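Engineer: Following is a predicted model, sequence given first.
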Amino acid sequence: MEFIELKNVFKVYTNGVTALADANLSIEKGEFVFIIGQSGSGKSTLTKLLYREEKPTKGSVFVGGVNVSKLRDNNVYKLRRKIGVVFQDFKLLPKLTVYENIAYPLESYGMASKDIRDKVLSAVERVGLKEKIRSYPNQLSGGEQQRVCIARAIVNEPKLIICDEPTGDLDPKISQEIMEVLKNINKDLGSTIIMATHDKEIVNTMKQRVICIHNGVIVSDKKKGSYIENEDN
């Protein structure tokens, strides 16, 4: 069985907008996949279905063999413990240090302090921010804040990492550095990475699998693909 499967998935919001229409998709464990498309095409909806931020109107969404669309609400936390999410706007807690921001999800699981420390230090090392561990978010650059967000996402060594426009607010040089961090995590941890992006340069440089969505429909799916300028073609 594939690691991720979408079967005949429709998502229609209460305002009548169809975000996804009959989406079918299979992603293998360890793949690095870009999801591209214009704003409002359905990229973010697709990623939100994977960590149960949204539920499909129709169809099934499987992650690791579990139909997440059928999960009871009180069991969603079990799914999210196995998934790391990296946001465009970081979502760091301003009054917590780098260490505390990364440790926060593990503390909420009730993990022992020593285990938390070991995991946080390992995650910080992976993203190259060891010297900033006692800093606060407002003392960091945008690129450093995104590295903290990545460290928080990988601290529990998840099987799946979802990135929603992680380089959207960063300049091209910093964006490339962030992508190197993600590429190494994909290689070293074997985590499946799914990244929604508008960044043509990154997609064309990385040469990974590229899935294009247009008006809620998957219109292209290519291994070692490139950015599609006009989704109508």
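Structural biologist: Right, received. Where do you want to start? Numbering: from 1, shown residues only.

Engineer: Give me the residue ranges of the protein where confidence is low.
Structural biologist: Scanning the chain for pLDDT under 70 picks out 1, 229-233.

Engineer: where do the strands sit along it?
Structural biologist: 4-12, 18-27, 32-36, 58-63, 66-67, 83-87, 160-164, 192-196, 209-214, 217-222 (DSSP state E).

Engineer: closest one to V127 among the ones you listed?
Structural biologist: strand 83-87 (10.8 Å; C-beta to C-beta). For glycine as for every other residue, the C-beta is placed from the backbone atoms N, C-alpha and C.

Engineer: Save the strands of the chain as TSV, and put in distance to E144 and mean neighbour count too.
Structural biologist: Compiled in TSV, these are given as follows (distance: least, C-beta to C-beta, whole Å; neighbours: other C-beta atoms under 10 Å):
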stretch	distance to E144	mean neighbour count
strand 4-12	30	19
strand 18-27	30	19
strand 32-36	23	23
strand 58-63	30	19
strand 66-67	35	13
strand 83-87	14	22
strand 160-164	17	23
strand 192-196	19	24
strand 209-214	28	21
strand 217-222	33	16
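
Engineer: With distance to Y104 as extra columns, can I get those in JSON lines?
Structural biologist: Shown next, in JSON lines, are the strands of the chain (distance: least, C-beta to C-beta, whole Å):
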{"stretch": "strand 4-12", "distance to Y104": "26"}
{"stretch": "strand 18-27", "distance to Y104": "28"}
{"stretch": "strand 32-36", "distance to Y104": "27"}
{"stretch": "strand 58-63", "distance to Y104": "23"}
{"stretch": "strand 66-67", "distance to Y104": "25"}
{"stretch": "strand 83-87", "distance to Y104": "13"}
{"stretch": "strand 160-164", "distance to Y104": "17"}
{"stretch": "strand 192-196", "distance to Y104": "22"}
{"stretch": "strand 209-214", "distance to Y104": "32"}
{"stretch": "strand 217-222", "distance to Y104": "35"}
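
Engineer: To R117, which of those strands lies closest?
Structural biologist: strand 83-87 (18.9 Å).

Engineer: do you know how far K114 is from L121?
Structural biologist: Distance from K114 to L121, counting by C-beta to C-beta, to the nearest Å: 11 Å.

Engineer: between the two, which one's more packed in?
Structural biologist: L121 (15 against 8; other C-beta atoms under 10 Å).

Engineer: Please determine how far the more buried one is located from V203.
Structural biologist: 33 Å.

Engineer: And S141, by the same measure?
Structural biologist: 24 Å.

Engineer: So for these two, which sits in the more crowded spot?
Structural biologist: V203 (20 against 11).

Engineer: Show me how far stretch 67-77 is from its chain's centre.
Structural biologist: Counting by C-alpha atoms, centre = their mean, to the nearest Å, stretch 67-77 is centred 19 Å from the centre of its parent chain.

Engineer: can you pull the buried residues of it?
Structural biologist: 68-69, 71 (16 or more other C-beta atoms under 10 Å).

Engineer: what's next to that stretch, contact-wise?
Structural biologist: Stretch 67-77 is contacted from outside by 49-52, 55-56, 59-62, 79, using C-beta atoms under 8 Å, 6 or more residues apart in numbering.

Engineer: Excluding chain neighbours, give the residue nearest to I218 in space.
Structural biologist: A23 (5.6 Å; C-beta to C-beta, 6 or more residues apart in numbering).
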